[in-house]
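Undergrad: pasting a predicted model and its sequence here:
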2 protein chains.
Amino acid sequence: MNICIMGFGAVGKGVAKVISIKKDELKKKYGLDLKITGVSDSSGAAISPDGLDPNLLLEVKEKEGRVSQYPEYGTDNLTGLNFLEKVDYDCLVEVTPTNIDDGEPARSHMLKAFKDGKDVVTSNKGPLALNFRELTEAALSNKVKFKYEASVGGAMPIINFAHDTLAGCNFESIFGILNGTTNYILSRMAKEGSAYEQTLKEAQEMGIAETDPTQDVEGLDAACKIVILANSIMNKDVSLKDVYINGISKINQESILLAKKEGYLIKLVAEASDDTLEVSPRLVKSGTPFSVDGTMNVATLNTDLAEDVTVVGRGAGSIETASAILSDLINIWKS
Amino acid sequence: MNICIMGFGAVGKGVAKVISIKKDELKKKYGLDLKITGVSDSSGAAISPDGLDPNLLLEVKEKEGRVSQYPEYGTDNLTGLNFLEKVDYDCLVEVTPTNIDDGEPARSHMLKAFKDGKDVVTSNKGPLALNFRELTEAALSNKVKFKYEASVGGAMPIINFAHDTLAGCNFESIFGILNGTTNYILSRMAKEGSAYEQTLKEAQEMGIAETDPTQDVEGLDAACKIVILANSIMNKDVSLKDVYINGISKINQESILLAKKEGYLIKLVAEASDDTLEVSPRLVKSGTPFSVDGTMNVATLNTDLAEDVTVVGRGAGSIETASAILSDLINIWKS
């Protein structure tokens, strides 16, 4: 199976690392020989039909800052759709930076891959939150596979879990803590009695919150994810603009203490149900799966036959997210 | 797809109910026409190559106490291996009462089905906890499918989750709260300050604990389940006798309060790791998935790539357990 990776940031590098670690095991366990025939980043690409060495890719990116410096097979300025024209691949791993304004350039990359009859695996929330039906229908009409487990909650696998493991169930609603940064901030505020601004600052210093934390703390990241879950698991046809969004920046110690007194915690909860599509701070009870601390993600599926089923896992991380991409690749290979 | 159901207690009836509810949906969604060509209980059977009506089966069992009273197609005294000789089926749903002494008669039923080239889906812990390798190897050598998601934690799907959804990961250890009855008793003792004996009695009155609660409170049920998880997910070769087992009957209010003071709860935890196979009361921290209340089951997989991934769900219930069996049937059909 030949894959090409577009985007070589945290997730793309994670994919290379994971392939390097698992290469022999994948051959033995699944008869799967994963070959990276091309990688592109914002400034260029490396392409070899015989396969690029994942460790050398990581080394070049680390030292030179761009994959086009890969010895012999590197090319400057070959990116985007032009890259896809040149590379020989079976499956595109689309992990370019996410864009929640128009989903580009990831959307165009994926549409081209579908049109060319290629499978796609992605962690890219933007295009999925904006153009879900366009993408899934393009995959369907071109009879190729499209998997995107890593787009929601990195290592909290919920989409394939719903589709495959719970194949006998229908899903009536989904509740989730889908953003690790805000869960971390709220957990620390509850434990330490610290103020919002101070806790955010510390989370930024620790690398848990980004320099511009808007997408996380204002609930946009969680909103993208609940849209993806609503579309893929509940068969809705919704987009980011349909979500009622309320972030955590106005949560203060008074409200946290008030909740605590009655045995509740405040969490940023995303909900998709028949009449609600919402991200907002909510009270959750201690002793339920939603009371988990730290950067963890949680999603509960309310099913018709099995009542509530919940998955808890790490929402982010380079290797963690890459593990979801690897599982998608294996499942494409097996099916 | 023709199935026969052996055992028509809570789980068997749940399977019939679920098939009755989902019949049209399964056809539409998966092209799957599930036909029940035979059902046996301890006193007889009903067999029809054209398919039995699940609602009539439930009605007959409810009114007459045995499926052999099914009009036209019922037969007294046709059970066990003789039943399997007579019925025309693709997949055996083995849900006879579990037996943790020698796994019989379920073990023989499944071995015969494998030998006859039939797939098997089961919720039957006993034979899996005692003869795991014998059964999985018999399925493998006869090139048939063998699925047993329902044997561990009814509607807390963890086995297929590990095998399929987390296909890219290896599993280094498993921790679980795998018995709903004991979790219910311990949760109530912690919340209400009640004594063990009193709480057990109330759980029995509510139908949550059985009249003879030994298998639950002494940890045997959880031990069977951790054996199945260790064998199927961690590729071990262990049996019930290899588990160090310690139940909850000696837990008192003093120990619960002592734990509470330090922010801990006492739960009956099952562990499978490199050097440990154990069921025993343990301290778990509030704010982790293991702090869940009531009859819920939890299992955490410690993975090589995605750190800890946890599933929480209902551990028992007729429809809930049947939903896991249905998902197994669908996945056999799809593969």
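TA: Yep, it's here.
Undergrad: what residues sit buried inside the strand or helix carrying residue A:324?
TA: Residue A:324 belongs to helix A:318-334 when elements are defined using DSSP states H and E. Judged by neighbour count (16 or more other C-beta atoms under 10 Å in any protein chain shown), helix A:318-334 contains these buried residues: A:318-333. Any C-beta I mention is one placed from the backbone N, CA and C, and that applies to glycine too.
Undergrad: so what's the residue nearest the centre of chain A up against?
TA: Of all residues in chain A, the one closest to the mean position by C-alpha atoms, centre = their mean is residue A:151, 2.4 Å from it. Residue A:151 makes contacts with A:122, A:123, A:124, A:125, A:128, A:225, A:228, as judged by C-beta atoms under 8 Å, 6 or more residues apart in numbering or on different chains.
Undergrad: same deal with residue A:99?
TA: A:105, A:106, A:126, A:127.
Undergrad: returning to that earlier point: hmm, the helix holding residue A:324 touching chain B?
TA: Yes. Shown here: helix A:318-334 in contact with chain B (C-beta under 8 Å from any C-beta of the partner chain) through A:319, A:320, A:322, A:323, A:324, A:326, A:327, A:329, A:330, A:331, A:334.
Undergrad: pretty sure residue A:179 sits against residue A:269.
TA: No. Counting by C-beta atoms under 8 Å, residue A:179 stays clear of residue A:269, with 10.2 Å between them.
Undergrad: and the two? Which one has more around it.
TA: Neighbour tally, residue A:179 and residue A:269, criterion other C-beta atoms under 10 Å in any protein chain shown: the higher count belongs to residue A:179, 30 against 22.
Undergrad: pull the contacting residues for that one.
TA: A:216, A:219, A:221, A:222, A:225, A:268, A:297, A:315.
Undergrad: now it, nearest residue through space, not along the chain?
TA: Spatial nearest neighbour of residue A:179, chain neighbours left out: residue A:222 (4.4 Å); criterion: C-beta to C-beta, 6 or more residues apart in numbering or on different chains.
Undergrad: circling back: for residue A:157, see how far away the residue nearest to the centre of chain A is.
TA: 11 Å (C-beta to C-beta, to the nearest Å).
Undergrad: near chain B, which residues of the stretch 51-200 of chain A? Just list them.
TA: So far as C-beta under 8 Å from any C-beta goes, the stretch 51-200 of chain A lies against chain B at A:149, A:154-157, A:160-161, A:164-170, A:187.
Undergrad: so which of those belong to helices?
TA: In helices, judged by DSSP state H, the following of those are found: A:160, A:187.
Undergrad: could you find the lowest-pLDDT member of the residues of the stretch 51-200 of chain A next to chain B?
TA: Lowest in pLDDT among those is residue A:154, which has 82.
Undergrad: these two touch, right, it and residue A:319?
TA: No. Proximity of residue A:154 to residue A:319 does not meet the contact threshold set by C-beta under 8 Å, at 9.4 Å.
Undergrad: starting at the chain centroid, how far to the strand or helix carrying residue A:109?
TA: Following DSSP H and E, the helix or strand that holds residue A:109 is helix A:106-115. Its chain's C-alpha centre and that of helix A:106-115 lie 18 Å apart, by C-alpha atoms, centre = their mean, to the nearest Å.
Undergrad: now do the helices in chain A.
TA: Counting by DSSP H, the helices of chain A are A:10-30, A:54-64, A:80-86, A:106-115, A:125-130, A:132-141, A:159-160, A:180-192, A:196-205, A:214-217, A:220-233, A:253-261, A:318-334.
Undergrad: in the fourth one, what counts as buried?
TA: Neighbour-count burial for helix A:106-115 flags A:106, A:107, A:109, A:110, A:111, A:112, A:113, A:114 (criterion: 16+ other C-beta under 10 Å).
Undergrad: residue A:73: how many residues sit nearby?
TA: 21.
Undergrad: and the nearest residue to it once chain neighbours are set aside, how many neighbours?
TA: The shortest distance from residue A:73 to any non-neighbouring residue, by C-beta to C-beta, 6+ apart, is to residue A:48 (4.3 Å). Residue A:48: 18 surrounding residues under other C-beta under 10 Å.
Undergrad: so how far is chain B from residue A:48?
TA: According to C-beta to the nearest C-beta, to the nearest Å, residue A:48 stands 24 Å off from chain B.
Undergrad: surely that residue meets residue A:37?
TA: Yes. Using C-beta under 8 Å, residue A:48 is in contact with residue A:37, at 6.4 Å.
Undergrad: what's the helix holding residue A:109 in contact with?
TA: A:6, A:80-81, A:84, A:92, A:94, A:96, A:98-99, A:119-120, A:122, A:124, A:126-127, A:130-131, A:134-135, A:138-139, A:142, A:144, A:146.
Undergrad: and for stretch A:79-88?
TA: In contact with stretch A:79-88 (C-beta under 8 Å, 6+ apart) are residues A:2, A:4, A:6, A:37-38, A:40-45, A:47, A:49, A:78, A:92, A:105, A:108-109, A:112-113, A:116.
Undergrad: again, only using 7 Å
TA: In this structure, residues lying in contact with stretch A:79-88 by C-beta atoms under 7 Å, 6 or more residues apart in numbering or on different chains are A:2, A:4, A:6, A:37-38, A:40, A:42, A:44-45, A:47, A:49, A:78, A:105, A:108-109, A:112-113.
Undergrad: which of those residues count as buried?
TA: A:2, A:4, A:6, A:37-38, A:40, A:44-45, A:47, A:78, A:105, A:109, A:112-113.
Undergrad: who are the contact partners of the residue nearest to residue A:319 when sequence neighbours are not counted?
TA: With sequence-adjacent residues excluded and distances taken as C-beta to C-beta, 6+ apart, residue A:319 is closest to residue A:14, at 5.1 Å. Applying C-beta under 7 Å, 6+ apart, we find residue A:14 in contact with A:318, A:319, A:321, A:322.
Undergrad: again, only this time at 8 Å
TA: Counting by C-beta under 8 Å, 6+ apart, residue A:14 has contacts A:317, A:318, A:319, A:320, A:321, A:322, A:325.
Undergrad: residues of the stretch 201-335 of chain A that sit close to chain B?
TA: Going by C-beta under 8 Å from any C-beta, the residues of the stretch 201-335 of chain A near chain B are A:286-289, A:291-293, A:303, A:305-314, A:317, A:319-320, A:322-324, A:326-327, A:329-331, A:334.
Undergrad: switch the cut-off to 7 Å
TA: A:286-289, A:291-293, A:305-307, A:309-314, A:319-320, A:323, A:326-327, A:330-331 (C-beta under 7 Å from any C-beta of the partner chain).
Undergrad: my guess is residue A:6 meets residue A:91, correct?
TA: No. Using C-beta atoms under 7 Å, residue A:6 is not in contact with residue A:91; the gap is 11.5 Å.
Undergrad: now the common contact residues for the two.
TA: Joint contacts of residue A:6 and residue A:91 (C-beta under 7 Å, 6+ apart) do not exist.
Undergrad: quick check: closest non-adjacent residue to residue A:121.
TA: According to C-beta to C-beta, 6+ apart, the nearest residue to residue A:121 is residue A:328 (4.5 Å).
Undergrad: can I see the domain layout of chain A?
TA: Following automatic domain parsing, one finds the domains of chain A at A:2-155+A:318-334, A:165-314.
Undergrad: please name the nearest non-neighbouring residue to residue A:239.
TA: residue A:130 (5.9 Å).
Undergrad: got the contact list for the one you found?
TA: Taking C-beta under 7 Å, 6+ apart, we find residue A:130 in contact with A:102, A:103, A:239, A:240.
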